[in-house]
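Chemist: Sequence and predicted structure below; questions after.
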Amino acid sequence: MEIRSLPIFRDFRKNAALVKLAVPVFLELILSVMMGYVNQFMLSAVPLASNAIGQSNQILNIFVVSFSVLSTSSLILLSQILGQNKEKEAGQIYSLSFFVNLLIGLAVVGVSMSITPFVFYWMGVDENVIEYAVRYQFYVAPSLLFLALTNVFSSFLRANKKMVFPTVVALCTNIANAGIAAIFIWGIPGLSEMEKLLGVALATDVSRLLGLIASYLFFRFGVKGRLSVRILKPFPGKMLKKLLSIGLPTAGETLSYQASQLVLSVIINFSVPVLEQNLRTYLMTLTSLIYLFASGTGMAMQVVEGNLLGEGKKEEAYRLVGEVGRMSRFVSLLMSLILTALAYPVFYALMAPAVASPESNPLGTPLSAVALSAVFCMLIDIVLDQGRATNLVYVKGLETAGDIGFPVGCSIFTSWICTVGVSALLCIVCDLGIYGAFIGAAMDECVRALLFYFRWKKGGWRSKDLTKGLSEVDNPS
């Protein structure tokens, strides 16, 4: 049998148009993730500052979830409405999502800046790291507003199949961020470690502002979209209710996941030294590259699935999700194996500054032992990412079809039982350190994968219709 005749390759050929949509989303997600971590890698020679960014990202990621309430629901609802050629309702979603996310972004910036010091103490962050983390988060918090609005525009562009535009924005944002950060880290002599860290925060602020401006221009001239308060008169209450009914549960699921990750970080902070904390942060960064293909393909799939559901083609939508699930698991497996093979030399180089620092490595752990630990964690992650690839596709399939409550409930339950409960047992009681955290997370992903897979196969989503009644209620004739 020829390799190209295998079922998995037939899936790729059959869904070539979807893959074409997914590749820019995949690249955009890589670039978006890199922005949060490039700064950390650039400061790897300053272990305390690098650790501070990792700790701060745990907090910031929770706030970022609030932006997905309307960006996620906008993508889902727009894909179905555009499949039905309802341009007037699409215009309402554009303005409604933008202005509500503007208010959410302003609120998040205020809350983030006001609670910063207390959260890091509660997390058990090392006392040598806290000052760096507090100052970094205070300076980078304003950029959350820019990110909130950029996320909304990205959803609008994706729903219109303009996948390349958000990728261009992410690329330019990363180049600006890396360039400005490099000036502060290496280009200005005599700066203290704290000044370098604050320069990195400033780079994040400026680059995200530039990203917002570019996103708006792509929306305005690429989609021909408009934003106006007048479009919202009379106020489309039914539309907002529908957006929130989709967005709040899905954001609640993500929020619960991020909160469980935060609690897991607290457990790790109290149970392992700074050296292992840094190692886990780098591991999380590297493994995030694995699941981004599944995430990007899932987002592209939502647009195609939404169009199919809007046209009433539910059988085609059913087959689409199954095929995308197989494709995502296949790519995730390949990427997991490649990164595991590269793990030892990569982490040998990355962890060298931290191992050499007496502050982060007071026990004198050999560099070779640290790199070998990274390899063992990557082996566990192979299993973890098979579950995660399945989750990311099937949860998006269920949510796009309107079956929202079940995946949300399952995700909340398994995150706290497995990611927090099992990990705490293995990390603290069994003294497995970061291995325990990876095992608990792998259990979480695999249990959810099975639950979502069988839920999709059962087909209860076929009876749901997210767009039913919108036009009649908000736009009476």
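Modeler: Done, it's in.
Chemist: For the stretch 1-150 of the chain, give me the ranges with low pLDDT.
Modeler: 1-6, 33, 35-37, 40, 44, 65-66, 68-69 (pLDDT under 70).
Chemist: That one: helices as residue ranges?
Modeler: Applying DSSP state H, counting those that start in this stretch to the stretch 1-150 of the chain gives helices spanning 7-14, 16-42, 47-65, 68-83, 87-123, 127-140, 143-159.
Chemist: out of those helices, which comes closest to residue 433?
Modeler: Smallest distance to residue 433 across the helices of the stretch 1-150 of the chain (Cβ to Cβ): 16.3 Å, for helix 47-65. For the C-beta atoms, the positions are set from N, CA and C on the backbone; glycine is no exception.
Chemist: what helices or strands is that closest one leaning on?
Modeler: Applying 3 or more Cβ pairs under 8 Å, 6 or more residues apart in numbering; DSSP states H and E, we find helix 47-65 packed against helix 16-42, helix 87-123, helix 127-140, helix 143-159, helix 193-222, helix 237-271, helix 274-310, helix 352-356.
Chemist: Ok, which of the ones you listed comes nearest residue 408?
Modeler: It's helix 237-271; of the helices and strands packed on helix 47-65, that one is closest to residue 408 (Cβ to Cβ) at 4.4 Å.
Chemist: tell me the angle the closest one makes with helix 47-65.
Modeler: 150 degrees (axes from the mean of the first three to the mean of the last three Cα atoms, to 10 degrees).
Chemist: Report the buried residues of helix 237-271.
Modeler: When burial is assessed from 16 or more other Cβ atoms under 10 Å, helix 237-271 yields the following buried residues: 238-240, 242-243, 246-269, 271.
Chemist: quick one: that helix to chain centroid distance?
Modeler: 12 Å (Cα atoms, centre = their mean, to the nearest Å).
Chemist: how about residue 191, secondary structure?
Modeler: coil (DSSP: H, G, I helix; E, B strand; the rest coil).
Chemist: Skipping adjacent residues, who's closest to residue 90 in space?
Modeler: Once flanking residues are discounted, residue 90 sits nearest to residue 81: 5.4 Å by Cβ to Cβ, 6 or more residues apart in numbering.
Chemist: Hmm, that neighbour is touching residue 465, no?
Modeler: No: Residue 81 is not in contact with residue 465 according to Cβ atoms under 8 Å; the separation is 11.9 Å.
Chemist: Mind checking which of these two has more residues around it?
Modeler: Neighbours per residue, other Cβ atoms under 10 Å: of residue 81 and residue 465, the larger number sits with residue 81, 25 against 13.
Chemist: would you turn the helices of the stretch 1-150 of the chain into CSV with distance to residue 348?
Modeler: Shown next, in CSV, are those (distance: least, Cβ to Cβ, whole Å):
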stretch, distance to residue 348
helix 7-14, 34
helix 16-42, 15
helix 47-65, 16
helix 68-83, 37
helix 87-123, 29
helix 127-140, 24
helix 143-159, 33
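Chemist: what's the closest of these to residue 324?
Modeler: Of the helices of the stretch 1-150 of the chain, nearest to residue 324 by Cβ to Cβ is helix 16-42, at 7.1 Å.
Chemist: Mind listing what's buried along stretch 209-223?
Modeler: So for stretch 209-223, counting by 16+ other Cβ under 10 Å, buried means 209, 210, 211, 212, 214, 215, 216, 218, 219, 223.
Chemist: what's the answer for stretch 167-178, then?
Modeler: 167, 168, 169, 170, 173, 174, 176, 177, 178.
Chemist: Next: stretch 442-458.
Modeler: Quick answer for stretch 442-458 (16+ other Cβ under 10 Å): 442-449, 451-453, 455-456.
Chemist: quick one: which of the residues you listed is nearest residue 313?
Modeler: Closest to residue 313, out of all of the buried residues of stretch 442-458 and judged by Cβ to Cβ, is residue 456, at 16.2 Å.
Chemist: what is the rounded mean pLDDT of the helix or strand harbouring the closest one?
Modeler: Taking DSSP states H and E as the criterion, residue 456 maps to helix 434-458. What helix 434-458 shows for mean pLDDT is 93.
Chemist: Remind me what that helix packs against, helices and strands.
Modeler: Checking 3+ Cβ pairs under 8 Å, 6+ apart, helix 434-458 ends up next to helix 237-271, helix 274-310, helix 314-350, helix 367-400, helix 405-414, helix 423-424.
Chemist: Redo the buried residues of stretch 209-223 as CSV? Include distance to residue 344.
Modeler: What follows is the buried residues of stretch 209-223, written out as CSV (distance: Cβ to Cβ, whole Å):
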residue, distance to residue 344
209, 40
210, 38
211, 35
212, 40
214, 39
215, 39
216, 45
218, 42
219, 45
223, 46
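Chemist: what residues are up against the spatially closest residue to residue 231 that is not a sequence neighbour?
Modeler: Of all residues not flanking residue 231 in the chain, residue 95 sits nearest, at 4.6 Å (Cβ to Cβ, 6+ apart). Shown in contact with residue 95 (Cβ atoms under 8 Å, 6 or more residues apart in numbering): 226, 227, 228, 229, 231, 232.
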